[in-house]
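Participant: Okay, here's the prediction I keep looking at, along with the sequence it came from:
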Amino acid sequence: DKLAPCEQSEAFLPHGARLRSRLSVGIRCVAPKNWVAYTQASISIDGNYYVTARALKAGTALGADDISQRSGDLLRLPNGIVLDPDLLIGSVTTQRLAAGSTIKASALRSPESILRGQAVRLEARGPGFVATSDGKAMQNGEPGSQIQVRTASGQTVSGTVLNAHTVLVLM
């Protein structure tokens, strides 16, 4: 099939397509006659990314010395890689990372997160009062997330992670 000549066209990504190094691109003719065709394209986005400067154990708080900048095609990196060094510095590794490996967001947690089994302070707030008690986190949680906590008396309550030590329970 030969397509009619086109004076005005536009390229587009098919619905739901994500940028990858090889992908299908749509070409839509809007004048003088409407038609659509698809073709394969190879693209690259050169930029900076970060890798581990050495092997890191789980539980390591990342510092500037723990990461090393690299340059290359960002579309060839695995999904979920953290590209912003400001998001890496201060984060805590949740698994062992080999030297020179890219760093996925799923391999990091906030230094303000709570780990399952950790002793936490429960803070209950109501109109005109604040009460505190001790508890044990029953699940992991980042600041702002809801987790279950077992109180010293054995009761299970839900609360919002405030920081690495405190869970807020609203009354």
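Facilitator: Ah, there it is.
Participant: Run through the protein and note the low-pLDDT ranges.
Facilitator: 1, 171 (pLDDT under 70).
Participant: how close does the residue nearest to the spatial centre of it sit to P78?
Facilitator: Nearest to the geometric centre of the chain sits A105, at 4.2 Å (Cα atoms, centre = their mean). A105 sits 11 Å away from P78, going by Cβ to Cβ, to the nearest Å. Glycine gets a C-beta too; all of them are placed from N, C-alpha and C.
Participant: ok, now F12?
Facilitator: F12 is 26 Å from P78, by Cβ to Cβ.
Participant: between the two, which one's more packed in?
Facilitator: Neighbour count, other Cβ atoms under 10 Å: between F12 and P78, F12 has more, with 12 against 8.
Participant: for the more buried one, what are its contacts?
Facilitator: V25, G26, I27, R28 (Cβ atoms under 8 Å, 6 or more residues apart in numbering).
Participant: Next, the last one: secondary structure please.
Facilitator: At R28 the chain is in strand, as set by DSSP: H, G, I helix; E, B strand; the rest coil.
Participant: how about the strands in this protein?
Facilitator: 8-12, 22-31, 35-42, 46-52, 67-73, 92-93, 108-109, 119-126, 129-137, 146-151, 156-161, 166-170 (DSSP state E).
Participant: Could I get those in a markdown table, plus columns for distance to S101?
Facilitator: Output for these, formatted as a markdown table (distance: least, Cβ to Cβ, whole Å):
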| stretch | distance to S101 |
| --- | --- |
| strand 8-12 | 35 |
| strand 22-31 | 24 |
| strand 35-42 | 26 |
| strand 46-52 | 5 |
| strand 67-73 | 11 |
| strand 92-93 | 11 |
| strand 108-109 | 13 |
| strand 119-126 | 32 |
| strand 129-137 | 29 |
| strand 146-151 | 29 |
| strand 156-161 | 28 |
| strand 166-170 | 33 |
